[in-house]
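[1] structure of the sequence below:
(one chain, ligands or ions: 1)
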Amino acid sequence: MLSKGEHQTVPLSVLLKRELASEKIERPELSHGQASQSKKGEDFTLLKTECQRVLGDGVTTYSVFGLFDGHNGSAAAIYSKENLLNNVLGAIPADLNRDEWVAALPRALVAGFVKTDKDFQERAQTSGTTVTFVIIEGWVVTVASVGDSRCVLESAEGGIHYLSADHRLDTNEEERERITSSGGEVGRLNTGGGTEIGPLRCWPGGLCLSRSIGDMDVGEFIVPVPYVKQVKLSSAGGRLILSSDGVWDAVSAEVAFDCCRGMPPDAAASQIVKEALQVKGLRDDTTCIVVDITPQEKPMPAPIPPKKQGKGVFKSMFRKKSPESSSQVEKEEFIEPDVVEELFEEGSASLAERLDSKYPVCNMFKLFMCAVCQVEIKPGEGISVHAGSKNTKKLRPWDGPFLCSSCQDKKEAMEGKRPSGDGRYSSGSD
Ligand SMILES: [Zn+2]
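    Coordinates of the predicted model:
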């Protein structure tokens with residue numbers, strides 16, 4: 001019945017269709033929404049989708065979502081919203097392919113956070129901010145955070161993953177130790193007569209957080225070095241929730257995901273804020289961003305290869321949601337039941353550790369550029385990030401990466417190696 005010509009075109013169109021399908025599985029579709037209830041007007045968000053990056057052989061896109069919960073004013077939050085992304089991008093060498101670019105992100109985020117903090121402090125404005133900063137490239141989600149706003153992921157497989165650290169003195173013993181060993185003091189507010197109230201704070205300054213951007217009037221051991229976590233989702237995707245402490249003080253991650261299940265991101269964000277307010281009332285700025293990372297579209301139902309059956313059953317056993325999910329499982333059977341893969345995790349506050357070259361990327365650091373602020377350093381003027389390090393077994397002071405003298409000063413201050421703060425005490429608000 002078919003002519004010869006048709007015989008020849010069929011395989012080709014099938015091939016193209018397959019290529020198209022795999023392309024679509026390769027890059028997810030993002031949709032996002034946000035909601036906010038303001039009390040002090042110090043929460044700010046950055047939502048930037050489809051940022052373009054030119055590669056050797058074309059253009060690729062990535063998306064950025066940021067949440068900035070300011071304190072003692074909003075200048076630091078606004079400044080970070082406006083400058084952090086550029087400072088991060090400025091720390092990534094040009095001409096990297098996609099994998100190299102993704103691998104360079106953790107260190108570029110550290111450099112970008114420190115530069116933003118340093119630049120903001122030079123403007124001599126008070127105020128500080130938490131930052132939860134998410135960069136999504138394909139299925140790879142990279143989160144950098146300082147402070148106590150959180151980013152949580154629920155994978156399509158049902159697992160909940162915490163992608164940010166909690167830099168709150170009350171809950172983070174490691175950070176309390178770091179601060180006291182850098183010369184700070186940690187204690188509760190003393191109302192006089194020996195009565196101590198409220199959360200643990202760090203003095204001088206009285207901040208409840210151990211890391212932030214800004215806060216020039218508190219000890220310099222309140223550092224801007226972010227905790228960074230990078231994960232790769234399965235091609236089934238997942239949902240991200242970024243929220244300020246106004247949400248997390250009221251509801252758990254499980255409650256947040258459960259209360260908005262099945263809703264589109266905008267409605268989900270509103271529902272999470274509503275849920276938080278129902279529990280605690282409006283005590284603080286309460287902001288929520290929801291990002292759905294999903295396969296572009298369901299490819300045509302394909303016959304299920306028999307070898308995947310076992311895995312499919314295994315997957316549905318661990319599936320959390322039961323009510324409407326049985327048909328969903330059948331629909332998703334063609335998707336590889338792989339799970340969230342951890343690519344990178346590091347939370348150390350030490351620049352020498354964070355700017356080290358453990359992570360194998362080519363030419364991450366340009367020899368005569370400051371690894372933090374990217375200014376050009378004249379030969380002989382750069383100071384190795386390992387200078388003064390106790391761990392001299394493998395590291396020599398002439399090993400890069402290098403810092404300019406100004407960033408070296410900043411590094412020493414963060415490590416408590418020079419007297420920090422100017423003796424002023426801030427209002428102690430958080
Ligand atoms: Zn520098």
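[2] helix or strand: which one has the residue nearest the centre of the chain?
    What sits nearest the mean C-alpha location of the chain, by Cα atoms, centre = their mean, is Val143, with 1.7 Å. Counting by DSSP states H and E, the element that carries Val143 is strand 140-146.
[3] show me what that strand is in contact with.
    Identification of contacts with strand 140-146 by Cβ atoms under 8 Å, 6 or more residues apart in numbering yields 102, 105-106, 109-110, 113, 130-136, 151, 153, 163-165, 167, 209, 211-213, 223-233, 240, 293, 343-344. Yep, even glycine has a C-beta here, placed from its N, CA and C like the rest.
[4] next structured bit after that strand?
    Per DSSP H and E, the first helix or strand lying C-terminal to strand 140-146 is strand 150-155.
[5] gap between that next one and the chain center?
    Relative to its chain's centre, strand 150-155 lies at 10 Å (Cα atoms, centre = their mean, to the nearest Å).
[6] and whichever helix or strand comes after that strand, what's its mean pLDDT?
    Using DSSP H and E, the next helix or strand after strand 150-155 towards the C-terminus is strand 160-162. For strand 160-162, the mean per-residue pLDDT is 96.
[7] and the next helix or strand after strand 160-162, what's buried?
    Sequence order places helix 173-181 as the next helix or strand after strand 160-162, per DSSP H and E. Residues of helix 173-181 classed as buried: Glu175, Arg176, Arg178, Ile179 (neighbour count, 16 or more other Cβ atoms under 10 Å).
[8] next, the angle helix 173-181 makes with the next helix or strand after helix 173-181.
    Using DSSP H and E, the next helix or strand after helix 173-181 towards the C-terminus is strand 185-190. Taking axes from the mean of the first three to the mean of the last three Cα atoms, to 10 degrees, one finds strand 185-190 and helix 173-181 inclined to each other by 100 degrees.
[9] quick one: list the elements packing against strand 185-190.
    helix 173-181, strand 196-203 (3 or more Cβ pairs under 8 Å, 6 or more residues apart in numbering; DSSP states H and E).
[10] mean pLDDT lowest where, among the ones you listed?
    In terms of average pLDDT, strand 196-203 trails the rest of the helices and strands packed on strand 185-190, at a mean of 89.
[11] can you list contacts of it?
    Identification of contacts with strand 196-203 by Cβ under 8 Å, 6+ apart yields 168-170, 176, 179, 184-191, 207-208, 210, 218-219, 221-222, 425, 428, 430.
[12] which strands and helices sit next to the longest helix seen in the chain?
    The residue-count maximum for a helix in the chain (DSSP state H) belongs to helix 98-122. Applying 3+ Cβ pairs under 8 Å, 6+ apart, one finds that helix 98-122 contacts helix 75-90, strand 128-137, strand 140-146, strand 213-214, strand 227-232, strand 341-346, helix 351-354, helix 405-414.
[13] what about the nearest residue to Pro224 once chain neighbours are set aside, how many neighbours?
    Sequence neighbours aside, Asp117 is the residue nearest to Pro224 in space, at 3.5 Å (criterion: Cβ to Cβ, 6 or more residues apart in numbering). Other residues lying near Asp117 total 33 when counted by other Cβ atoms under 10 Å.
[14] circling back: what separates the residue nearest to the centre of the chain from Leu240, distance-wise?
    According to Cβ to Cβ, to the nearest Å, Val143 stands 9 Å off from Leu240.
[15] for the stretch 151-300 of the chain, give me the ranges with low pLDDT.
    For the stretch 151-300 of the chain, applying pLDDT under 70 flags the ranges 298-300.
[16] how much does the host helix or strand of Thr287 deviate in direction from strand 150-155?
    In this structure, Thr287 sits in strand 286-294 according to DSSP H and E. Going by the same axes, to 10 degrees, strand 286-294 is angled at 30 degrees with respect to strand 150-155.
[17] redo the helices and strands packed on helix 98-122 as TSV? Include distance to the ion.
    Shown next, in TSV, are the helices and strands packed on helix 98-122 (distance: least, Cβ to the ion, whole Å):
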stretch	distance to the ion
helix 75-90	11
strand 128-137	20
strand 140-146	19
strand 213-214	16
strand 227-232	20
strand 341-346	21
helix 351-354	11
helix 405-414	3
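[18] Ala35 is nearest to which of these?
    Checking the helices and strands packed on helix 98-122 against Ala35 by Cβ to Cβ gives strand 128-137 as the closest, at 15.7 Å.
[19] other SSEs contacting that closest one?
    So strand 128-137, by 3+ Cβ pairs under 8 Å, 6+ apart, packs with strand 58-71, helix 75-90, helix 98-122, strand 140-146, strand 150-155, strand 213-214, strand 238-243, strand 286-294.
[20] and these, which is most packed in?
    When the helices and strands packed on strand 128-137 are scored by mean count of other Cβ atoms under 10 Å, the highest mean neighbour count falls to strand 213-214 (a mean of 30).
[21] and that one, which strands flank it?
    If you go by DSSP bridges, strand 213-214 pairs up with strand 128-137 (antiparallel).
[22] the partner strand vs helix 75-90, what angle?
    Here strand 128-137 runs at 30 degrees with respect to helix 75-90, directions being taken by the same axes, to 10 degrees.
[23] then strand 128-137 to CSV, C-alphas only?
    Taking Å, rounded to 0.1, in the frame of the first residue of the first chain, the C-alpha atoms of strand 128-137 are listed here in CSV:
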residue,chain,number,x,y,z
GLY,A,128,21.8,43.6,56.6
THR,A,129,20.0,40.9,54.7
THR,A,130,19.6,37.1,54.4
VAL,A,131,20.0,35.8,50.9
THR,A,132,18.6,32.6,49.4
PHE,A,133,19.8,32.5,45.8
VAL,A,134,18.7,29.8,43.3
ILE,A,135,20.2,29.3,39.9
ILE,A,136,18.5,26.7,37.7
GLU,A,137,20.3,25.4,34.6
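[24] what's the angle between it and strand 58-71?
    Using the same axes, to 10 degrees: strand 128-137 against strand 58-71 is 160 degrees.
[25] got the angle for strand 128-137 vs strand 140-146?
    170 degrees.
[26] gap between strand 128-137 and the chain center?
    From the chain centre to the centre of strand 128-137 is a distance of 5 Å (Cα atoms, centre = their mean).
[27] so Lys378: helix, strand or coil?
    Assigned by DSSP: H, G, I helix; E, B strand; the rest coil, the conformation of Lys378 is coil.
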